[in-house]
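Asks: Fold the following.
(2 chains)
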Protein chains: 2
Amino acid sequence: METTIRQNIFENAKKWVYEAGKRIREQMQHEFQINTKSNVNDLVTEIDRSTEQFFANQIRTTYPSHYIISEEGFGDKINDMNGTIWIIDPIDGTMNFVHQKRNFAISIGIYHNGVGEIALIYNVIDDVLYTAIKGEGAYRNRDRLPQLKQDVQLETSILAMNSLFACENRRVNEKKIQQLIIDCRGTRSYGSAALEFAYVAEGIIDAYVTLRLSPWDFGAGLILVREVGGETIQLDGKPVNFLQNNTILTCNPAIRQRILTDYIEWK
Amino acid sequence: METTIRQNIFENAKKWVYEAGKRIREQMQHEFQINTKSNVNDLVTEIDRSTEQFFANQIRTTYPSHYIISEEGFGDKINDMNGTIWIIDPIDGTMNFVHQKRNFAISIGIYHNGVGEIALIYNVIDDVLYTAIKGEGAYRNRDRLPQLKQDVQLETSILAMNSLFACENRRVNEKKIQQLIIDCRGTRSYGSAALEFAYVAEGIIDAYVTLRLSPWDFGAGLILVREVGGETIQLDGKPVNFLQNNTILTCNPAIRQRILTDYIEWK
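Replies: Modelled structure (predicted):
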């Protein structure tokens, strides 16, 4: 993607993200409808939907040749990563949005022929915008994030994971995961994948590991983390696939192999 | 405790907390020494110690008859809860303080003859002060916190707990804890007990459950949660003991019995 085109798309995306954030803060002041999707804890609100529709309308008007992969149904049916694709989660962390009225984010990753070009993760309530442009580094508001430290060890790392990961499951040996929890310095769980990627990019957690994420959960985060020298892969070590759900490890590369080798045992 | 005395102590405590927060924010700008205590992940910094010493000096000068229970060694040797006792954690969430430079709090609970009179939990970086005075409710900065909702059910609750709780341990059946994680709507882990109590008081999580807390971890939180109608007990249902470590459940009373009966099975 040409630099000037990339910059133009970034400026528009940023403007729309701030505008969407303002709309969300206003809409939250009133009662809003909450529904469930795949299960009783998979929440969606009318604000998720109207926010996604807002982005879809802006993108289709301004960039009619671009495609959209998104959570709430306003996107396109996509079979490959050709062309320019916006991967959008209008509200990442909807459970936090509903229960906490904070700790959620707008997440937008923009890819061109499969390459991550632009990332925006906006913590709407704290008014903190994480951004990244390919080759130009990552930012937290106006502060450039430093490259991740290279002298990180698992024993002094903080890992983000959902407690469910430590419970019996059909995918991986939970005893090994429990050993990972014991061996690292500590674990955290914040309830928003996009923010957990942002915290890895900030270096305030050293890895985020999970058994199931959709492309809109990591589309932006992967680019943000890459721009500070971090890595995002599937738990079997393969590259992520943007057209399906993935197991995910995003982390400081210093602890990647140790986690995959010593603690991930497939059933 | 008389109302005017209580108010006087509260005003001083609040002034000192804000002053200590300012000192911490300044001290964080420079390099500081980090040590370990009981184990390699039990961290303490010179800022923890100097903050505690700051409080101890203020209290001993202003209220020479008061006692102090505190984390870092500047407190008194206490054998009972008679008199007026300040229970202090100068930096609750030291691991967050060291790794994240945020998500930590100053925690102060003030008890008179065993009764919780005053609580202050100060999120130093976000500049959010939670306060409570006996019988006068709880506040988040200037906003009074509403009483906890009564129509809360476990299946739609968010619980705070450390992932370690789901791992094999000598105290409780971890399979039951794993079932609790599966049955509730979601879990979170923030790494600061004082803030986790504050979130229960805010109603943004419905319970915080842990196998081991020291009095300075919950001394303020218990009062804050009580003032919005919440409860703090040991996992065997007994009242907490301020003179030793405790298992802790602090929660919306609507889900207390369900957690204790269905999910806590002692080994």
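
Asks: gap between the two ends of stretch A:74-81?
Replies: This stretch, stretch A:74-81, spans 18 Å end to end (Cα to Cα, to the nearest Å).

Asks: Likewise for stretch A:114-129?
Replies: End-to-end distance (Cα to Cα), stretch A:114-129: 24 Å.

Asks: Check stretch A:93-104 too.
Replies: 5 Å.

Asks: Ok, stretch A:126-141 next?
Replies: Start-to-end span of stretch A:126-141 (Cα to Cα) is 11 Å.

Asks: for chain A, which helix is longest?
Replies: If you go by DSSP state H, chain A has its longest helix at helix A:3-27.

Asks: Spell out which parts of the stretch 1-150 of chain A neighbour chain B.
Replies: For the stretch 1-150 of chain A, the residues in contact with chain B (Cβ under 8 Å from any Cβ of the partner chain) are A:40-41, A:95, A:99-102. Where C-beta positions appear, they are placed from N, C-alpha and C, glycine not excepted.

Asks: Could you identify the most distant pair in those residues?
Replies: Greatest spacing in the residues of the stretch 1-150 of chain A next to chain B, by Cβ to Cβ: A:40 and A:102 (22.5 Å).

Asks: In terms of neighbours, single out the busier of the two.
Replies: Counted by other Cβ atoms under 10 Å in any protein chain shown, residue A:40 and residue A:102 do not tie: residue A:102 has more neighbours, with 16 against 10.

Asks: any idea how far the residue nearest to that one when sequence neighbours are not counted lies from chain B?
Replies: Excluding the flanking residues, the one nearest residue A:102 by Cβ to Cβ, 6 or more residues apart in numbering or on different chains is residue A:125, at 4.1 Å. For residue A:125, the distance to chain B equals 11 Å [Cβ to the nearest Cβ, to the nearest Å].

Asks: Isn't residue A:125 up against residue A:91?
Replies: No - counting by Cβ atoms under 8 Å, residue A:125 stays clear of residue A:91, with 11.4 Å between them.

Asks: Quickly list the domain ranges of chain A.
Replies: Per the record, chain A has its domains at A:3-144, A:154-263, by automatic domain parsing.

Asks: sorry, back to before: turn the residues of the stretch 1-150 of chain A next to chain B into a markdown table, including distance to residue B:150, pLDDT and secondary structure.
Replies: A markdown table is the format used below for the residues of the stretch 1-150 of chain A next to chain B (distance: Cβ to Cβ, whole Å; pLDDT from 0 to 100; DSSP: H, G, I helix; E, B strand; the rest coil):
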| residue | distance to residue B:150 | pLDDT | secondary structure |
| --- | --- | --- | --- |
| A:40 | 21 | 87 | coil |
| A:41 | 21 | 88 | coil |
| A:95 | 21 | 97 | helix |
| A:99 | 16 | 97 | helix |
| A:100 | 19 | 98 | helix |
| A:101 | 20 | 97 | coil |
| A:102 | 23 | 98 | coil |
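
Asks: Most neighbours among those residues, which one?
Replies: Highest neighbour count within the residues of the stretch 1-150 of chain A next to chain B: residue A:99, with 22 neighbours (other Cβ under 10 Å).

Asks: How about the contacts made by the nearest residue to it once chain neighbours are set aside?
Replies: Leaving aside its sequence neighbours, residue A:99 sits nearest to residue B:158 (Cβ to Cβ, 6+ apart; 5.4 Å). Residue B:158 is in contact with A:95, A:99-100, A:191, B:184-188, B:204-206, counting by Cβ atoms under 8 Å, 6 or more residues apart in numbering or on different chains.

Asks: Any idea what residue B:158 is bridged to?
Replies: Using DSSP bridges, the bridge partners assigned to residue B:158 are residue B:186.

Asks: so how far is residue A:132 from it?
Replies: Between residue B:158 and residue A:132 the computed distance is 30 Å (Cβ to Cβ, to the nearest Å).

Asks: what's the span of stretch A:110-118, first residue to last?
Replies: One end of stretch A:110-118 to the other measures 5 Å (Cα to Cα).

Asks: Just the buried residues of that stretch, please?
Replies: Buried residues in stretch A:110-118, defined by neighbour count with 16 or more other Cβ atoms under 10 Å in any protein chain shown: A:110-112, A:116-118.

Asks: can you list these in a markdown table and add pLDDT?
Replies: Output for the buried residues of stretch A:110-118, formatted as a markdown table (pLDDT from 0 to 100):
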| residue | pLDDT |
| --- | --- |
| A:110 | 98 |
| A:111 | 98 |
| A:112 | 98 |
| A:116 | 98 |
| A:117 | 98 |
| A:118 | 98 |
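
Asks: which residues does residue A:205 contact?
Replies: For residue A:205, the contact set (Cβ under 8 Å, 6+ apart) comprises A:157-160, A:188, A:196, A:199, B:99-100.

Asks: quick revisit: just the buried residues of stretch A:110-118: which are in strands?
Replies: Those of the buried residues of stretch A:110-118 mapping onto strands are A:110-112, A:116-118, per DSSP state E.

Asks: per-residue pLDDT, residue A:72?
Replies: If you check residue A:72, the pLDDT there is 89.

Asks: That one: neighbour count?
Replies: Neighbour count for residue A:72, taken as other Cβ under 10 Å: 21.

Asks: Equivalent analysis for residue A:4, please.
Replies: Using other Cβ under 10 Å, residue A:4 has 8 neighbouring residues.

Asks: Just the pLDDT at it, thanks.
Replies: 95.

Asks: got it, and the one 3 residues further on?
Replies: According to the per-residue confidence, residue A:7 scores 97 in pLDDT.

Asks: just residue A:38 next, same as before
Replies: In this prediction, residue A:38 carries a pLDDT score of 88.

Asks: I'd like to know how many residues surround it.
Replies: The number of residues packed near residue A:38 is 7, by other Cβ under 10 Å.

Asks: Now do the strands in chain A.
Replies: Going by DSSP E, chain A shows strands at A:34-36, A:43-45, A:67-70, A:84-92, A:105-112, A:115-123, A:128-133, A:138-140, A:143-144, A:158-160, A:186-188, A:207-213, A:231-233, A:246-251.

Asks: Out of the contacts of residue A:205, flag the one nearest to residue A:62.
Replies: residue A:196 (30.2 Å).

Asks: The closest one: neighbouring residues, count only.
Replies: Count around residue A:196 with other Cβ under 10 Å applied: 30.

Asks: Check the gap between the closest residue to chain B within the stretch 1-150 of chain A and residue B:166 for me.
Replies: Nearest to chain B in the stretch 1-150 of chain A, going by Cβ to the nearest Cβ, is residue A:100, at a distance of 4.0 Å. In this view, residue A:100 and residue B:166 are 22 Å apart by Cβ to Cβ.

Asks: just residue A:203 next, same as before
Replies: With the distance defined as Cβ to Cβ, residue A:203 ends up 26 Å from residue B:166.

Asks: Look at these two and report which has more neighbours.
Replies: The neighbour comparison of residue A:203 against residue B:166 (other Cβ under 10 Å) goes to residue B:166, with 25 against 19.

Asks: just checking, that one touches residue A:167?
Replies: Yes - between residue B:166 and residue A:167 a contact is recorded at 6.2 Å, counting by Cβ under 8 Å.

Asks: Residues in contact with both of these two, list them for me.
Replies: The contact sets of residue B:166 and residue A:167 overlap at B:178, B:181 (Cβ under 8 Å, 6+ apart).
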